[in-house]
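# Need a 3D model of the sequence below.
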Amino acid sequence: MKKIFISISTLVISLISAQNNNETLKREFEKQRAEDIQKFEMYVSKNYGSNRSEETLKEIEEQRASLAGFTSGNQPYFYKIHDMDQVLNSNSDALQGGNITGLTGSFNGENIKFTIFDGSTASTTARVFANHTLFNNAPNRITNKESSSFNYGDHATAVASFIGAKDFSYTFSPSGRQVNFRGIAPNSTIDAYAFGNSTLPGETSPINVFQKILKAEPNISNHSYGINAGWDIGQVNGSNAWIWMGSFTTPSTSFDMQGSYIINDRFYDLLVYSDPSYIIVKSAGNSFGMGTNSFAPAAANFKKYYKNSSGNWIEFATTETPPPFNCSQGYDCISPGSVAKNIIVVAASDRITTNNGRYTTAADVIHSSYSSAGPRDDGGIKPDITAVGTNVASATTQNNSTGSNDVETGSGTSYSAPIVTGIIGLWTQINKQLFSGSLLNAASAKTLMIHSASEAGNIGPDPQFGWGFINAKKGAELLVGKSNNTIIFNDEILTSGSPNTKTVTASGSEPLKVTISWVDPEYPDVDNNTPLSALHNSRTSKLINDLDLRITDTTTNTTYLPWKLDPNSPMTAIKGDNTVDNVEQVIVDAPVSGRPYKIEITNKGTLKNDSGANAPQNYSIIVTGFSSVLGTKESGAISNIAIAPTITKDLVKILKAPKKSTFNVYDLSGKKLQSGTISNDQENVDLSAYNKGIYIIEIKTNNEVISKKVIKE
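Have a look, this model is predicted:
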């Protein structure tokens, strides 16, 4: 059957546009940073005056470094850290030990580089203690990208160890608890940046975390920090207090940004859409239950405060009704900045201590009492996934210039996020082995993670656990299934008005399950001038391109719909038309063995790119629970032919193309550089003679013409 594909000229234009977008992003991030700094100087002048002590100056500089943005009332908000059990709980040891059927060898992060953006409990600009004993199994495992004048940081060191600590045993005193350390990817390398605003070595001006991401160009990055937009613990007049981070008008009117899609989320979505190879993993936050005196024993006598229009803290009067505590209904306290569509947001659960640390049922996964819950205010499913983050062991260090070889136990979504980051790294390592060096991208990593997740909480997705509990082993098995064609796992392209369909025969031995996800353009209608009243519980969908997934029983014509959440009652997922998520999953729980089922992907309206122009939409799809594929019509989709690796110094391979097909190599100007005929299942294309840059390889068969981008380093 004839397939429709993007022309080479269209692809060339889109790639040139992507390069221009990178410069546009740099300018937009710098403009926003400059505006924020100007507002911050006005804020400092207004709130601190001119007579400043050494302690006050230190406080101002720390606020400057941790500045995350401003509300529409010009009130600043600041980043803060989100703080062998995890290996066993997530089944990562099956990958580390080489116990996955169909794979060769073990997977411990060899030739995988992670990038972390982190800090310390004392500063948002701190370094990983690279000389820690837990990183000394190989030289140069940790590379700090920040100034050598920065102190080492306890939090950054802990996060790095969850990803990459070597084997290490330790007994804590006086509890007597013995732990066996191992990071998820103990043979990987890590580049480390601070998430706070700082001037990098060789640079002349400070930059923020979004500018650092552009500079680092990370494939897999971890971000264990965020802001708190509801109740938080702070200091007022030198005493600990509950402070309301939203707005309040006496006697009882309040607005907040919990669950809101703000400019920070827009920037994350911009980054990933600009380069879909960026897999950004972020902590959900630790604000569940804050604002109630039962949150912690020390909080029993905290007074409660809000800021008035002048920016001064005012104690709530007995005649005023304070806002309810965070997630008082069990949902709606996730941090803004952690609800972006194109990133992976991680919640925390307690350690699984039964059944030798193994997951057996959904009841094994206990929501950690502090772990922030979604959904996004439009009903979007956030967080995306859950991993263990409570009472877990890690490396740590003194927050000073010399560092120390310490270990500790701690809790937080800061500690669950790097587990997911590490597992995606191992999946990437497996993908490289199976598919000639190919990397996972943002959409394929999320699709794999969600499709392989174990059930947690209520059936289906929910606002506390997302799509479930991370399962490293199942994800690896799906990659093996892709390699031996027992599952469908493709990157495909949808063109407006032209449905992509597949008809499969159900195996009947398991549910027929389909998951898709896509990198969606950023939602543009938010900035620092958006008032809290407009952000608060906004139900306007943040989707730009709304793809629809359906499964139809071809015998009964029964149509199965995807999961979705009702933002007004999200604890139990429902089935229906999902208009807010860039992930859709449809399950036929008990398909009839041997019966054909049609899988169809369509879209509403007209598909757009991030410039608002008409454009096709890439997406990733996984299908399991079938015995055979009866037919496909995939507009722009490629079921078998692949090109790998997509980043190379010399050779790339054209895989599974029919013999006697032809190929052409073009540069970004459209100039043809090379032509050839395919005579092998793995046809080599030599790019070693060309300059570094982006090239397009076009393959022509009797039935299709496909074009793929490759990068020559």
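
# Tell me who's in contact with G246.
A229, G230, S254, F255, D256, M257, Q258, Y306, P323, L532, H536 (CB atoms under 8 Å, 6 or more residues apart in numbering). C-beta: built from backbone N, CA, C; applies to glycine.

# Skipping its backbone neighbours, what lies nearest it in space?
Distance criterion CB to CB, 6 or more residues apart in numbering; nearest residue to G246, sequence neighbours excluded, is D256 at 3.1 Å.

# Strands along the stretch 301-450 of the chain, start to end?
Taking DSSP state E, counting those that start in this stretch as the test, the strands found in the stretch 301-450 of the chain are 304-307, 313-315, 344-349, 385-388, 392-396, 406-410.

# Among the contacts of G246, find me the one that's closest to L673.
For the contacts of G246, the minimum distance to L673 (CB to CB) is 50.6 Å, reached by M257.

# my read: the closest one touches L532, true?
Yes. Counting by CB atoms under 8 Å, M257 sits close enough to L532 to count as a contact (6.5 Å).

# shared neighbours of the two, anything?
T71, G246.

# Between the two, tell me which one has more neighbours.
A direct count of neighbours by other CB atoms under 10 Å for M257 and L532 places M257 higher, at 25 against 18.

# Just give me the residue closest to the centre of this protein.
For the chain, the residue lying nearest the average C-alpha position, counting by CA atoms, centre = their mean, turns out to be I344 (2.2 Å).

# Surely that one is in contact with V281?
Yes. A contact is recorded between I344 and V281 when judged using CB under 8 Å, the distance being 4.8 Å.

# so what sits against both of these two?
Once CB under 8 Å, 6+ apart is applied, the residues that I344 and V281 both contact turn out to be V420, I424.

# And what about the nearest residue to E28 once chain neighbours are set aside, helix, strand or coil?
In space, and not counting its chain neighbours, E28 is closest to L270: 7.7 Å by CB to CB, 6+ apart. L270 falls in the helix class when you classify it by DSSP: H, G, I helix; E, B strand; the rest coil.

# repeat for I697
Each residue gets one of three states, and I697 gets strand by three-state DSSP.

# what pairs with it across the strands?
Using DSSP bridges, the bridge partners assigned to I697 are V665, K708.

# Just the pLDDT for it.
We note a pLDDT of 87 for I697 in this prediction.

# and if you look at E30?
Looking at E30, its pLDDT reads 82.

# And for H82?
As predicted, H82 sits at a pLDDT of 56.

# Show only the entries of the contacts of G246 found in strands.
S254, F255, Y306 (DSSP state E).

# Now do the contacts for the nearest residue to the first one once chain neighbours are set aside.
So the one you mean is S254. Closest residue to S254 apart from its sequence neighbours, by CB to CB, 6+ apart: P323 at 4.2 Å. Under the criterion of CB under 8 Å, 6+ apart, the neighbours of P323 are G230, W231, W244, G246, F248, S254, D256, G291.

# Quickly note the distance from P323 to G69.
In this structure, P323 and G69 are 21 Å apart, going by CB to CB, to the nearest Å.

# what's the answer for E35, then?
In this structure, E35 and G69 are 10 Å apart, going by CB to CB.

# what's the burial count for A229?
By the other CB under 10 Å criterion, the neighbourhood of A229 contains 28 residues.

# which one is it nearest to, not counting chain neighbours?
Nearest to A229 is M257, by CB to CB, 6+ apart, at 3.8 Å.

# how far away is the one you found from G389?
If you go by CB to CB, the gap between M257 and G389 works out to 23 Å.

# before we move on, what about I280?
Distance from I280 to G389, counting by CB to CB: 18 Å.

# between the two, which one's more packed in?
For I280 against G389, the residue with the higher neighbour count under other CB under 10 Å is G389, and the figures read 33 against 24.

# how is the protein carved up into domains?
81-230+259-451, 484-633, 655-712 (automatic domain parsing).

# Just give me how far the longest one sits from the chain centre.
So that's domain 81-230+259-451. Using CA atoms, centre = their mean, to the nearest Å, the mean C-alpha position of domain 81-230+259-451 is found 10 Å from that of the whole chain.

# Quick check on the residue nearest to G246: phi, psi?
In terms of degrees, to the nearest 10, the main-chain angles of D256 are phi -150, psi 170.

# For it, give me its contacts.
With contacts defined as CB under 8 Å, 6+ apart, the neighbours of D256 are A229, G230, W244, M245, G246, S247, P323, L532, H536.

# Could you give the bridge partners of the third one?
In this case it means W244. With DSSP bridges as the rule, W244 is bridged to W231.

# Who are the contact partners of it?
For W244, the residues meeting the contact criterion (CB under 8 Å, 6+ apart) are G230, W231, S254, D256, G291, K304, Y305, Y306, K307, P322, P323.

# Can you convert these into a markdown table and add a column each for pLDDT and distance to S661?
Formatted as a markdown table, the contacts of W244 follow (pLDDT from 0 to 100; distance: CB to CB, whole Å):
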| residue | pLDDT | distance to S661 |
| --- | --- | --- |
| G230 | 95 | 58 |
| W231 | 95 | 62 |
| S254 | 95 | 64 |
| D256 | 95 | 58 |
| G291 | 94 | 63 |
| K304 | 95 | 70 |
| Y305 | 97 | 70 |
| Y306 | 96 | 67 |
| K307 | 93 | 66 |
| P322 | 96 | 69 |
| P323 | 97 | 64 |
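
# Looking at those, which is nearest P521?
Using CB to CB, D256 is the member of the contacts of W244 that lies nearest P521, at 26.7 Å.

# what about that closest one, distance to P524?
22 Å.

# Check I706 too.
As judged by CB to CB, I706 and P524 stand 31 Å apart.

# Please say which of the two ends up with more neighbours.
Taking other CB under 10 Å, I706 and P524 do not tie; I706 has more neighbours (23 against 13).

# Can you tell me the SS state at that one?
Secondary structure of I706, reduced to three states by three-state DSSP: strand.

# Same check on V281?
State at V281, reduced to three classes by three-state DSSP: strand.

# can you pull the pLDDT of it?
Value for V281, per-residue pLDDT: 98.

# For it, which residues are in contact?
I220, S221, N222, H223, I343, I344, V346, A417, P418, V420, T421, I424 are the contacts of V281 under CB under 8 Å, 6+ apart.

# The third one touches T421, doesn't it?
It refers to N222. Yes. Taking contacts as CB under 8 Å, N222 lies within contact range of T421: 4.2 Å.

# Mind listing the shared neighbours of these two?
Residues touching both N222 and T421 by CB under 8 Å, 6+ apart: F114, I116, I163, V281.

# Let me know the closest of those residues to L25.
Compare each of these with L25 using CB to CB and the shortest gap goes to V281, at 20.1 Å.

# That closest one pairs with what?
N222, I344.

# Start the count at 24 instead of 1 going forward.
Renumbered: residue one is now 24, and that last one reads V304.
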